[in-house]
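Q: Pasting the sequence and the predicted model now:
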Amino acid sequence: MIYTDGKQFLLEGKNYGYAMFVNGDGFLQQLHYGGKMKREDVAYLAETYASIVPNHWINKDEAFDYLPSEYGFYAKGDYKEPTAIFERQDGASMSRLRYDSYRVEKDAPKIVGMPHVRSGDETLVITLKDDFSDIEVDLYYTVCENSDVLVRNAVIRNVGKKPVMLKRAFSFRVELANGEYQLLRLAGRWGQERIPEIAPVAHGLTRIHSLRGSSSHQTNPFMGILRKDCGEESGECYGVQLVYSGSFALTAEWSKYGALTLQGGINVTGFGWELRGGESFVTPQVLLTYSNAGMGEISREIHDFLRERIINPAYAFKRRPVVINNWEATYFDFDNEKLCAIITAAANLGIDTFVLDDGWFGNRTNDFAGLGDWFVNEEKLKGGLKKVSACCKEHGMKFGLWFEPEMVNEDSELFRAHPDWALCKEGVEPMRSRQQLVLDFTRKEVVDYIFGVVSKIIKENDISYIKWDMNRYVSECYSASLPYHRQGEVMHRYILGVYDLAQRLLDEFPDLFIEGCAGGGGRFDAGMLYYFPQIWTSDDSDGYERTKIQCGTSLCYPLSSMSCHVSVCPNHQTGRTVPFDTRGRIASLGAFGYELDVTKMTDEEKESVKAQIEAYKRTDRLILNGELYRLSNPLESNYFCMLVVSKDKSEAYVVGERGLCIPFWSDKFYPRIRLRGLDNNAFYEIEELKTVLSGGALLGAGLPLPKTGDFGSWAWHLKKVR
Ligand code: DGJ
């Protein structure tokens, strides 16, 4: 709901209220972001804020040092980090953005060329005008009555004739009322992505960011802001999440006056964008989520929102294929016979899609050569991809193929023909990572070329699934196609090129299923999820490490978006051995598949695979639609436990894993785990325990945690019986 009289604004979602007003000097000021309030309250809040600045106050001009400005411009005593800076040709960059007008539109804005929220109830657009330049800023706010997610972004317009240089163009600013807050970030590295870290917010600036050209393994474009007493299931908190996949920044600035200022969007470092007369710059959207029931509720709200309004609707709620991927089974060492043996064995086990990973193209016998040459390596694959495709068809399986479209090896035909198509500067030794360079996706001809070759392979070989990988970051980037003063545009233009290629492929092949990947989970964000319904969560598929990665990832991404495979033991990344059934249960909490050599399995393991797939098909709808409860966090205890409950509370699926065994009496005398989200008055049958218990007992008294060996696990499937 949006209420306004043209001076005061109140936005409402399911449980939140967001209020602003135009103050006596014509500036747009934030009044409240938190629990719901009434329209009538806004006037009172406005009055009390206005009276903070008595008319005789000598420093009235410096008011924004302590008043919450809705979009922080560069001056007027606002000494916090500005939200935007626009430099004119005379070098001046001070600004004073004053309220000009507003309009309310139906639905959510459609943003061309960038991932965006696909639907919303209504959108408030407030226009601010600069006192000193020809810049206008439109602030967008999309509300949905059934959701606690508020969508924001800003569009900066140059309505004059002369170019202006945008030196910073964040998407939003929000100010939280005085209090002590904690900041939750998802930190990590390759093989250990999105591990939650919580720390009190200190005075000054705290910044989460990536300068890597992708959202990255090290960080994630999400931050949780928790009131001091907030936890998983209670307390007031906020989620701040960018719908963006490139170099980003999210900042929290705690001022001496007590308020906490949150901002973010495209990373400022190295950024610069020439905005010519008549042009607009659209900033990425941010999802702001509010809850007064803990971080668990923030996650459930975000999961619903991403599934319903961001992820490709063709796949968001569609059952996912059960995949066999050959990477860890063969690495680069395969031929048609080996692949066909894997396909045949996998088909017999009930797996429905074969994904051929890296190594099928160009001169790719290792990772030193071939990227960019998207034509089949006939020496390796005699008979070409058609033979693999035919083998899949013969066994009733779908065929998926690996690409790394953004990359090129110097040892490739593509690079030899177009050395200037890589993001590097002549005369400067490029930084190589995994022996490869990044293609200049700021150039239309490069994206056109890659689109052409990838489409041809898809068409000719009946490909229904692609795994889109990206195995290095962007560094020392320079585009030969842009003049010196526009090099600051490269990082953002690069990711726009990536989005463009993804969208064009989906337009050309509307049924194509694309799984995202970036050296494991190095680009797992809401921007990529707009195109790719699922993303390879991590190269680390160790059945214990994955509990931490999946738990962290679940903070702001739905289970269905996490691609999770059962792999061989000892695990290729950790060297650890975890029971086969544990690996299966942990992988069943996402988009399920296998990453091992099925031709080398024992008969017993093969039977287990069949049973795992059967079990997965009984619970995958819960993974797609259900509500997630994190019952035990493996980073804080010896147990991992997650529960997914169907929306109507008639069914639930619990998976748990114990870490290392410790003597029973140290394990707090057979601890119990209390379930959540069930119907208190209903009765549930628990298949594996052969018992029926009331929702009340399961919620209140809980179930004893099974005694297992190291990394032992359990799964309970609950069905409402009355
Ligand atoms: C990194 C991915 O995460 C792996 O699954 C695999 O596809 C390799 N790249 C191939 O190079």
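A: Sure, I can see it.

Q: drop to CA atoms for contacts and neighbour counts, all remaining ones
A: Noted.

Q: Okay, now stretch 66-77: how far is its last residue from its first?
A: End-to-end distance for stretch 66-77: 9 Å, by CA to CA, to the nearest Å.

Q: what comes up buried for that stretch?
A: Tyr66, Leu67, Pro68, Ser69, Glu70, Tyr71, Gly72, Phe73, Tyr74, Ala75, Lys76, Gly77 (16 or more other CA atoms under 10 Å).

Q: among those, which are in helices?
A: Among the buried residues of stretch 66-77, no member is found in helices (DSSP state H).

Q: Save those residues as JSON lines, and put in distance to Lys393 and pLDDT too.
A: Formatted as JSON lines, the buried residues of stretch 66-77 follow (distance: CA to CA, whole Å; pLDDT from 0 to 100):
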{"residue": "Tyr66", "distance to Lys393": "66", "pLDDT": "76"}
{"residue": "Leu67", "distance to Lys393": "65", "pLDDT": "81"}
{"residue": "Pro68", "distance to Lys393": "62", "pLDDT": "87"}
{"residue": "Ser69", "distance to Lys393": "60", "pLDDT": "90"}
{"residue": "Glu70", "distance to Lys393": "57", "pLDDT": "94"}
{"residue": "Tyr71", "distance to Lys393": "56", "pLDDT": "94"}
{"residue": "Gly72", "distance to Lys393": "58", "pLDDT": "92"}
{"residue": "Phe73", "distance to Lys393": "60", "pLDDT": "88"}
{"residue": "Tyr74", "distance to Lys393": "61", "pLDDT": "87"}
{"residue": "Ala75", "distance to Lys393": "65", "pLDDT": "79"}
{"residue": "Lys76", "distance to Lys393": "67", "pLDDT": "75"}
{"residue": "Gly77", "distance to Lys393": "68", "pLDDT": "76"}
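
Q: what comes into contact with the helix or strand of the chain with the lowest mean pLDDT?
A: Counting by mean pLDDT, DSSP states H and E, the chain has its least confident helix or strand at helix 39-50, which shows a mean of 87. With CA atoms under 8 Å, 6 or more residues apart in numbering as the test, helix 39-50 has contacts from Tyr3, Gln8, Phe9, Leu10, Ala19, Met20, Phe21, Asn23, Gly24, Leu31.

Q: Next secondary structure after that helix?
A: Following helix 39-50 in sequence order, the next helix or strand is strand 84-87 (DSSP states H and E).

Q: Tell me which strands that next one pairs with, and in which orientation.
A: Within its sheet, strand 84-87 is paired with strand 164-176 (antiparallel), according to DSSP bridges.

Q: mean confidence score for the strand it pairs with?
A: Mean per-residue pLDDT for strand 164-176: 97.

Q: tell me how far it is from the chain's mean position?
A: 21 Å (CA atoms, centre = their mean, to the nearest Å).

Q: That strand: what's the following helix or strand?
A: Using DSSP H and E, the helix or strand that follows strand 164-176 in sequence is strand 181-189.

Q: Please point out which parts of that following strand sit buried.
A: Buried, per 16+ other CA under 10 Å, within strand 181-189: Tyr181, Gln182, Leu183, Leu184, Arg185, Leu186, Ala187, Gly188, Arg189.

Q: Describe which strands that strand pairs with in its sheet and in which direction.
A: strand 192-200 (antiparallel), strand 222-227 (antiparallel).

Q: wait, Ala316 sits on Arg309?
A: No: in this structure, Ala316 is not within contact of Arg309 by CA atoms under 8 Å, at 9.2 Å.

Q: For those two, work out which one has more neighbours and name it.
A: Using other CA atoms under 10 Å as the criterion, Ala316 and Arg309 rank with Ala316 on top: 23 against 18.

Q: quick one: low-confidence parts of the protein?
A: Where the chain drops to pLDDT under 70, the residues are 50-60, 664-670.

Q: Those residues of it touching the ligand, which are they?
A: Within the chain, the positions adjacent to the ligand are Trp327, Asp357, Asp358, Cys517, Ala518, Gly519, Gly520, Asp539 by CA under 6 Å from any ligand atom.

Q: and with 8 Å instead?
A: Counting by CA under 8 Å from any ligand atom, the positions of the chain adjacent to the ligand are 327-328, 331, 357-359, 367, 402, 467, 469-471, 517-521, 536, 538-539.

Q: Which members of the contacts of helix 39-50 are positioned in strands?
A: Tyr3, Gln8, Phe9, Leu10, Ala19, Met20, Phe21, Leu31 (DSSP state E).

Q: The last one contacts Pro68, correct?
A: When you say that, I think you mean Leu31. Yes: shown here, Leu31 and Pro68 form a contact pair, counting by CA under 8 Å, at 7.5 Å.

Q: what kind of secondary structure is the closest residue to Trp190 other than its chain neighbours in?
A: Ranked by CA to CA, 6 or more residues apart in numbering and with sequence neighbours excluded, the top spatial neighbour of Trp190 is His217, at 5.7 Å. State at His217, reduced to three classes by DSSP: H, G, I helix; E, B strand; the rest coil: coil.

Q: swap in Glu308?
A: Using three-state DSSP, the structure places Glu308 in helix.

Q: any idea how far Val117 is from it?
A: Distance from Glu308 to Val117, by CA to CA: 9 Å.

Q: The two: which is more packed in?
A: Val117 (26 against 17).

Q: For that one, give me phi and psi.
A: phi -70, psi 130 (degrees, to the nearest 10).

Q: for it, what are its contacts?
A: Going by CA under 8 Å, 6+ apart, Val117 touches Ala108, Pro109, Lys110, Val151, Arg309, Ile310.

Q: Tell me the spacing between it and the ligand.
A: Going from Val117 to the ligand by CA to the nearest ligand atom, to the nearest Å gives 27 Å.

Q: how far away is that residue from Val376?
A: 37 Å.

Q: Ok, Glu688 next?
A: According to CA to CA, Glu688 and Val376 sit 48 Å apart.

Q: try Met165
A: Look at Met165 and Val376: by CA to CA, they are 45 Å apart.

Q: Repeat that for Gln436.
A: Applying CA to CA, the value for Gln436 to Val376 is 19 Å.
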